[in-house]
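*Asks:* Attaching a predicted model along with its sequence, questions to come.
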Amino acid sequence: MTRLTTVEAEPRVAEYLRSLDAALTRLPRGDAAELRQQIVEHLNDSIGPDSDDAHVSAVLRRLGAPADLVTESLESRPRRRWQTLRSWRRRRWVTLGVMVAALGSATGYVVDMATQPALQTEDTASGWYYAVDSGHAHDEDNANGNETIIRQRPGNEQGFVFIVHNSSAWPETILGPGDEPGLGNNFQSPVTVALGTSNADLDPSYRADHYLATPAVLPPGQSRWLRVTWKQLRCQQPPGVIDSENAFALRLRVGWLTHQTLQLPESFASTSVAQPNCPNH
Amino acid sequence: MDNGRALTELRRGVLGPCVLALLEERPRFGLELVRDLDEAGNLLSSDGTVYPLLNRLRDAGLVTSEWNDEDGQRARRYYTITLSGLHALEEFRTDWSQFTSVVGRVLGRPKRRRKAAS
């Protein structure tokens, strides 16, 4: 019976980890380090000081080939398999088999898409869309973090922009705001969401960008400016109340409808001032 | 017809929601999940594949992880389902119910008998 000091010192485990290290070069460094740590934890939990050779071999066999684990980490697209149809007699069963496999693939496709990384925002990329607002904004650090505050301008459109990044392998369709359309309040119209058409990684100028109203598609691996605008109907009452947003909900489609609430890079706030400086319509 | 491959794809497709369902009961560490999935019915092609899956679920915001040492034992990374994960799981339960109903209807169609050639 083999007595182990640490699990990594066990020769077969050490050999397995060497193979794993070689395979992990295919992953980004952070992902590689994380997966390795998880595998080592698994081995520490599975193999004890009294584990014999047979048990160690069984654990490593069940763990799976290192190359396969890394492939699983990399793989993000479903495989489709279709069989060639030869005769009517086989065709009936093959057709059903293909349908079941396709439905199984579709499920895998859906779940795979559902588990893709969500949209991400970038910490330093956001601002008020209209120059008159950004020119008069004042920033403060408060309970909402870094908050940028503007004055409400009744009868005018106001809004903010921030960068969203699709780090998944799938195009993500942004359908609109997460709330049901038509939800505004007495002070603002419902918000409108539009997606910039330029790759924000290459051209960060949001005012020069051309925006498409949602639904709009964010290609995989790309960043776009997302513009959120509304018409300020009247000054919020009572004056001086600060209306803050530090998170924004979106309706998305990646195969199936889903929702995501994005944490905004900074908190956007607007406030009204007392009459007569803020006349209401 | 390659039933083996079809089943592999089906298992692969449901594994994420199954992990979420286990975490819905209580947080678990990696080996616990592996054992529970195995006990449920051999859902994993290999034990190690649970970790890339957990990382994808974590990146999607459906799961979080933190180190925890219970009762002075060696610290382990425990995985916990998030609110988003709970919502995703509920959506999948609805979709799965409809999906299995559709497949059941297709598979359950009466077989046609062919007349022997005369």
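*Replies:* Cool, got the structure.
*Asks:* Return stretch B:95-110 as CSV; C-alpha atoms alone will do.
*Replies:* Extracted C-alpha coordinates of stretch B:95-110, given in CSV (Å, rounded to 0.1, in the frame of the first residue of the first chain):
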residue,chain,number,x,y,z
ASP,B,95,-38.7,24.9,-20.6
TRP,B,96,-37.8,21.3,-19.7
SER,B,97,-41.3,20.4,-18.9
GLN,B,98,-42.5,21.6,-22.3
PHE,B,99,-39.6,20.1,-24.1
THR,B,100,-40.0,16.6,-22.6
SER,B,101,-43.7,16.8,-23.3
VAL,B,102,-43.0,17.5,-27.0
VAL,B,103,-40.4,14.8,-27.3
GLY,B,104,-42.7,12.4,-25.4
ARG,B,105,-45.5,13.1,-28.0
VAL,B,106,-43.1,12.5,-30.9
LEU,B,107,-41.6,9.3,-29.5
GLY,B,108,-45.0,8.0,-28.5
ARG,B,109,-46.6,8.2,-31.9
PRO,B,110,-48.2,4.8,-32.9
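*Asks:* list the buried ones in that stretch?
*Replies:* B:Asp95, B:Trp96, B:Phe99, B:Val103 (16 or more other CB atoms under 10 Å in any protein chain shown). C-beta: built from backbone N, CA, C; applies to glycine.
*Asks:* Now for residue 58: which residues touch it?
*Replies:* The chain I'm using is chain A. For A:Ala58, the contact set (CB atoms under 8 Å, 6 or more residues apart in numbering or on different chains) is empty.
*Asks:* Actually, chain B is the one I wanted.
*Replies:* Contacts of B:Arg58 were listed using CB under 8 Å, 6+ apart, and they are B:Thr64, B:Ser65, B:Tyr79.
*Asks:* For the buried ones among those residues, write the corresponding PyMOL selection.
*Replies:* Buried residues within those, by 16+ other CB under 10 Å, are selected in PyMOL with:
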select buried, chain B and resi 65+79
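*Asks:* how about the contacts of B:Arg58 in a markdown table, adding distance to A:Arg151, pLDDT and secondary structure?
*Replies:* Below are the contacts of B:Arg58 laid out as a markdown table (distance: CB to CB, whole Å; pLDDT from 0 to 100; DSSP: H, G, I helix; E, B strand; the rest coil):
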| residue | distance to A:Arg151 | pLDDT | secondary structure |
| --- | --- | --- | --- |
| B:Thr64 | 39 | 94 | strand |
| B:Ser65 | 44 | 91 | strand |
| B:Tyr79 | 46 | 96 | strand |
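*Asks:* Sort out which one of the contacts of B:Arg58 lies nearest chain A for me.
*Replies:* Nearest to chain A among those is B:Ser65, at 9.5 Å by CB to the nearest CB.
*Asks:* Give the bridge partners for the closest one, please.
*Replies:* B:Tyr79 (DSSP bridges).
*Asks:* And it, how close does it get to B:Pro27?
*Replies:* 9 Å (CB to CB, to the nearest Å).
*Asks:* Mind checking which residue lies nearest the centre of chain B?
*Replies:* Residue closest to the mean C-alpha point of chain B, counted by CA atoms, centre = their mean, is B:Leu15 at 2.2 Å.
*Asks:* per-residue confidence for that residue?
*Replies:* For B:Leu15, the model assigns a pLDDT of 92.
*Asks:* Now do B:Ser13: how many residues are near it, please.
*Replies:* Wrong residue type there; residue B:13 is Gly, not Ser. Burial of B:Gly13 is recorded as 22 neighbouring residues (other CB atoms under 10 Å in any protein chain shown).
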